[in-house]
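*Asks:* Have a look at this fold, sequence not included:
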């Protein structure tokens, strides 16, 4: 099956915006057992869109086109594709009502231009957009003049990721399963690992998995800051058995370094486990500046667990809000084992939480010394046990530093909670 | 001038890796006044690479192909392109010496397979790779069988970003200036807008800019949660004048809704302005859960401005940390104007900051009522003036809700700071 992807957007061609759709959609297809064979980006001009769509329709069983469904004058996709396929556009009253409601709910006047988003090409299926005004559109091109009559599917999706992503999952995936089911049995499983680098992960599992790879197991690694994904896949008759054996081997070799599965983040796992145990948490962040609280509160239900977060950048706030001793701050400096310990204990006392995490360190780009270079970090964990402090060096750019440090702190808590049966 | 880009790599098609080359190269070209007209991604298979390269050579004056120059069995680019153009490959002794030195310096044995990287197509220019073993290759395709004889340039670059990027700047840019100088003067400017939707922005500026568009102004909009970018560009002799006039019109029409330029985030602007004024800030977040503190602390130098952040999810923490009255909490509920007001004032008192922002609301997906649906939010701002509270409805998914609400809170502060001369 040939699947192609076209992302439209002049901002992409100017390099102003990172093309995250390409990765996200390719990944979704791969997880479903499909493979995208070509991904093209073109600017928002009629000629560029027309030629790219025409060429792709000449090859593809399924063509996804993103962007250009908005209300402004550079949104051309809907009209161009209708014209290219010789389809007329009609105003869909359900879509128009949805757009009107969307503006009403937000107490904003509906601009006249928005109405264009209710236009639907003849024969197209409307893909509902609960997160925006432009619906997606799916249509079967049959007969397909670009491909000697062989039919193909064309799906148009809106550009904003928060509209495109749920629409793909809720509307496109069910349609695909119905009209273009994956050609083979396909099973895929991702195990998410933290606390080990990519080469170490490979060193531990590649040898033991070699025989299964010969039998058809597809093995892949994907490293991200603070995390490695081990991807197991198979697409033959033995796939489920192959995958079960492979997973058992990986779990035996990596043990508690595996924190979750598929798309789970470490904060999802933590909030779930702490909710089950009816335990609560406080966080006291200096150099991570709210990143940990932000990640935890991305998880629905975090309010059952997270009692409070403190972002104590200044020494004064460490003293006032967390009872860190001024003497300790002077003697050891704000970035020290002693201050991390007092921050964690102070946050736990202030909130009465079961656990409290603390982070103090040097995010950079400036502020490092020979003894405490940029990237130095102390992570504290207070709980119903003697307070733990870990000392790490994360010499990355500021954003990566915050994220990796947050990951390490959340993992320290995860490993501790796991043990505390 | 037609410039196209082909990135090769099966890991890209599986969505395991984000295609950062695409953005980086497009941006480099745009900054030099060129425009990439198509960017294509294909897997590491002979057929996919051959057909994509052949098609692109039929259109492009310059084709950049990245990846596939390494020593492993899935590195096919060099051989395939030589074959496609009917060029023989010869071993380049200078490249071979560079590869040998590269391994010697690292005290590693040079694997026999690496030798393949010293192969150079007949007539190609070698682009030195100080950061790796595979050189880049540039060649003029003349006569060009794919384009009725019209010549084109083809440049192959290695896949790893830390090899590709310096090579592009040090070798490709000088070559470009020599063989394909940018045809026109090119100027580009982005103005970043908040507090207005995309259609409203267009409604305000499109009419007044219509004449300039006729004179060659390129006008584009890019909407993101809580933000719209207005992009102005021109590439004719009048470009600087055209852009200056266009910018003046957009600034006059959108006024204080324009918070910044080019890549600036609202938090960058705020930290810069507050640092200049030597003013300080505290934030008290309920439903945004640390998102505002996290965004502010992404900016280097935030420690001069942000005295403390409070993530007060629970009623108890609102009372204890921010002195919110238990009576008010019972009477008005945690999500209310009165509580937002007390949170902001409490945070300001607790920290002695010049300004304090507070946020209380319902992020969802659950917890909404008829009177206070999911998305309801109150944003408070305390300062040397009567405390302000804004009431908004942001009925989005949880992540977007947090981000849009954070944007509104930061913008409330920005507008207030702007006024407070």
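*Replies:* In hand now; what should we look at? Values in this document were obtained by computation on a predicted structure and should not be read as measured data.

*Asks:* wouldn't residue A:139 be in contact with residue A:120 here?
*Replies:* No - counting by Cβ atoms under 8 Å, residue A:139 does not reach residue A:120; the two are 9.4 Å apart. For the C-beta atoms, the positions are set from N, CA and C on the backbone; glycine is no exception.

*Asks:* Those residues of the stretch 101-250 of chain A touching chain B, which are they?
*Replies:* A:105-108, A:111, A:113-114, A:131, A:160, A:162, A:166, A:220, A:222, A:231 (Cβ under 8 Å from any Cβ of the partner chain).

*Asks:* Would you map the helices across the stretch 301-421 of chain A?
*Replies:* A:315-322, A:326-332, A:337-351, A:398-419 (DSSP state H, counting those that start in this stretch).

*Asks:* With respect to burial, which of the ones you listed scores highest?
*Replies:* helix A:337-351 (a mean of 24; mean count of other Cβ atoms under 10 Å in any protein chain shown).

*Asks:* Give me the helices and strands touching that helix, please.
*Replies:* Contacts defined by 3 or more Cβ pairs under 8 Å, 6 or more residues apart in numbering or on different chains; DSSP states H and E place helix A:337-351 against strand A:281-285, strand A:306-311, helix A:315-322, helix A:326-332, strand A:355-361, strand A:376-383, strand A:385-393, helix B:315-322.

*Asks:* what's near enough to touch the residue of the stretch 101-250 of chain A found nearest chain B?
*Replies:* Per Cβ to the nearest Cβ, residue A:111 is where the stretch 101-250 of chain A lies closest to chain B, at 4.0 Å. Counting by Cβ atoms under 8 Å, 6 or more residues apart in numbering or on different chains, residue A:111 makes contact with A:71, B:197, B:199-200, B:203.

*Asks:* how far away is it from residue B:318?
*Replies:* 39 Å (Cβ to Cβ, to the nearest Å).

*Asks:* again, but for residue A:159
*Replies:* 39 Å.

*Asks:* low pLDDT regions in the stretch 151-300 of chain A?
*Replies:* Applying pLDDT under 70 to the stretch 151-300 of chain A flags no residue at all.

*Asks:* the strands in it, which residues?
*Replies:* A:152-157, A:187-193, A:218-224, A:227-234, A:258-261, A:281-285 (DSSP state E, counting those that start in this stretch).

*Asks:* tell me the angle the third one makes with helix A:398-419.
*Replies:* Which is strand A:218-224. Orientation check (axes from the mean of the first three to the mean of the last three Cα atoms, to 10 degrees): strand A:218-224 against helix A:398-419 gives 120 degrees.

*Asks:* Who are the packing partners of strand A:218-224?
*Replies:* Checking 3+ Cβ pairs under 8 Å, 6+ apart, strand A:218-224 ends up next to helix A:198-214, strand A:227-234.

*Asks:* so what strands line up beside that strand?
*Replies:* According to DSSP bridges, strand A:218-224 forms sheet pairs with strand A:227-234 (antiparallel).

*Asks:* Now do the contacts for residue A:407.
*Replies:* Contacts of residue A:407 by Cβ under 8 Å, 6+ apart are A:194, A:225-227, A:266.

*Asks:* Give me the buried subset of these.
*Replies:* Taking 16 or more other Cβ atoms under 10 Å in any protein chain shown as the criterion, what is buried in those is A:194, A:226-227, A:266.

*Asks:* export the residues you listed to JSON lines and tack on distance to residue A:290?
*Replies:* Shown next, in JSON lines, are the buried ones among the contacts of residue A:407 (distance: Cβ to Cβ, whole Å):
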{"residue": "A:194", "distance to residue A:290": "21"}
{"residue": "A:226", "distance to residue A:290": "17"}
{"residue": "A:227", "distance to residue A:290": "20"}
{"residue": "A:266", "distance to residue A:290": "17"}
